[in-house]
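Student: Predicted coordinates and the sequence they were generated for:
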Amino acid sequence: MQGAILVLSGPSGAGKSTIINHASDEIGEYYFSISTTTREPREGEKNGVDYYFVTHAQFEEGIKAGDFLEYATVHGNYYGTSLKPVNSALEEGKLVIFDIDVQGHRLVRAKMGDYVTSAFITPPTLSELEKRLYARATDDKSIIERRVKNAKEEIHALGEFDFIIINDEIPKASAQFATIANAARLKQNNEELEKFVKIWDN
Ligand code: ADP
Ligand code: 5GP
C-alpha cells in the first residue's frame, strides 16, 4: 500500500496551522511533514515540533548532502522538506501533509505529482490577512509588511492548485479541508493502478 501527499499552501497568517489542528480528528492518521528552517523560532515554537531550527551553514550542508525533497527561500530565510521521513511515511501508506509555500508546491508537484493533491488557503481579503497577522502578534511590523507583500505575489499562483479554501469561518474551512484530505487519500498513483489492473485481469 502506498500513501498520498496533500500540499497546503497559502500566505503566512492564512490559517494553515489553525485549520490542520482543527481538522485533525476528522482526517484519520496522517504524518505532518516538519520542515527545516533558518528563521528564528517564534515565542512558543518548539524545535522538532513546529520546525527543525538550524543555522544557515547547517541548512546548506543539508542541501549539499541531498537531504531535501524541496527547499526555497521565503521572506529571506531557507525553508525545506526532508526527503527521508516523507518517503518512510509514504511507504507506510500514510497521508503526508505539507505546509509549504507556492515554490515548494511547484517542486513537489514536479517530482511527485502522481501522489499530490493540493489546496491553497487564504483569508477572504488581503486586509483581513493583515489584521490576522497583527492579531497573532508573533512578528514585528517590518516582518508583517514583508509577509503581506509576499502574499500579494503568492495569490497569483491560485490557479496551480487543485482546490481553494477561503478561511472565513474556522469550522467551515476545517470541514472543507477534511473533505479534501480524505479525497487525497483515495487518489491512486499510476504504479498502483497498473498493479490493480494486473490482479483484476487474473
Ligand atoms: P498560518 O499557519 O497560515 O501562518 P495561523 O494558523 O497561525 O496561520 O493563523 C494566523 C492567525 O489567524 C492566528 O492568530 C489564528 O488564530 C487566526 N485565525 C485563523 N483562522 C481564522 C479565522 N477564520 N478567523 C479569524 N482568525 C483566524
Ligand atoms: P512561517 O515563517 O510563517 O512559519 O512560514 C513562512 C512560509 O514558509 C509559509 O508560506 C510556509 O508555508 C512556508 N514553508 C514552511 N515550510 C516550508 C518548506 O519546507 N518548504 C517551502 N518551500 N516552504 C515552506
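Tutor: Now that the structure is in, tell me what you want to look at. Ligands and ions are numbered 1, 2, ... in the order given.
Student: Closest residue of the chain to ligand 2?
Tutor: For the chain, the nearest residue to ligand 2 under the criterion CB to the nearest ligand atom is residue 104, separated by 2.6 Å. Any C-beta I mention is one placed from the backbone N, CA and C, and that applies to glycine too.
Student: Now for the one residue sitting closest to the centre of the chain: which residues touch it?
Tutor: Relative to the mean C-alpha position of the chain, the nearest C-alpha, by CA atoms, centre = their mean, is the one of residue 99, at 1.8 Å. Residues counted as contacts of residue 99 (CB atoms under 8 Å, 6 or more residues apart in numbering) are 8-9, 16-17, 20, 32-33, 35.
Student: Now do the strands in the protein.
Tutor: In the chain, the strands defined using DSSP state E lie at 4-9, 30-32, 36-37, 52-53, 68-74, 77-82, 95-99, 116-122, 163-166.
Student: so what does the third one touch, helix or strand wise?
Tutor: When contacts are defined as 3 or more CB pairs under 8 Å, 6 or more residues apart in numbering; DSSP states H and E, strand 36-37 packs onto strand 52-53, helix 56-64, strand 77-82.
Student: do that again at 10 Å, thanks
Tutor: Counting contacts by 3 or more CB pairs under 10 Å, 6 or more residues apart in numbering; DSSP states H and E, strand 36-37 packs against strand 52-53, helix 56-64, strand 68-74, strand 77-82.
Student: Contacts for the second one next, please.
Tutor: The one in question is helix 56-64. If you take CB atoms under 10 Å, 6 or more residues apart in numbering as the criterion, helix 56-64 is touched by 36-38, 52, 54-55, 67-68, 71, 77-80, 82.
Student: again with the first one
Tutor: Contacts of strand 52-53 with the rest of the structure, by CB under 10 Å, 6+ apart, involve 34-41, 45-47, 58-59, 62, 80, 82.
Student: Could you rerun that using 6 Å?
Tutor: Counting contacts by CB atoms under 6 Å, 6 or more residues apart in numbering, the residues outside strand 52-53 that touch it are 36, 41, 47.
Student: Is there a quick PyMOL command that grabs whichever of those are buried?
Tutor: Of the contacts of strand 52-53, the buried ones can be selected in PyMOL as follows, counting by 16 or more other CB atoms under 10 Å:
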select buried, resi 36
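Student: nearest to residue 148, of the contacts of strand 52-53?
Tutor: For these, the minimum distance to residue 148 (CB to CB) is 21.6 Å, reached by residue 41.
Student: so how far is residue 52 from the closest one?
Tutor: The span separating residue 41 from residue 52 equals 10 Å under the rule CB to CB, to the nearest Å.
Student: circling back: put together JSON lines for the contacts of strand 52-53, with distance to ligand 2 on each row.
Tutor: Formatted as JSON lines, the entries for the contacts of strand 52-53 read as follows, by distance: CB to the nearest ligand atom, whole Å:
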{"residue": "36", "distance to ligand 2": "7"}
{"residue": "41", "distance to ligand 2": "10"}
{"residue": "47", "distance to ligand 2": "14"}
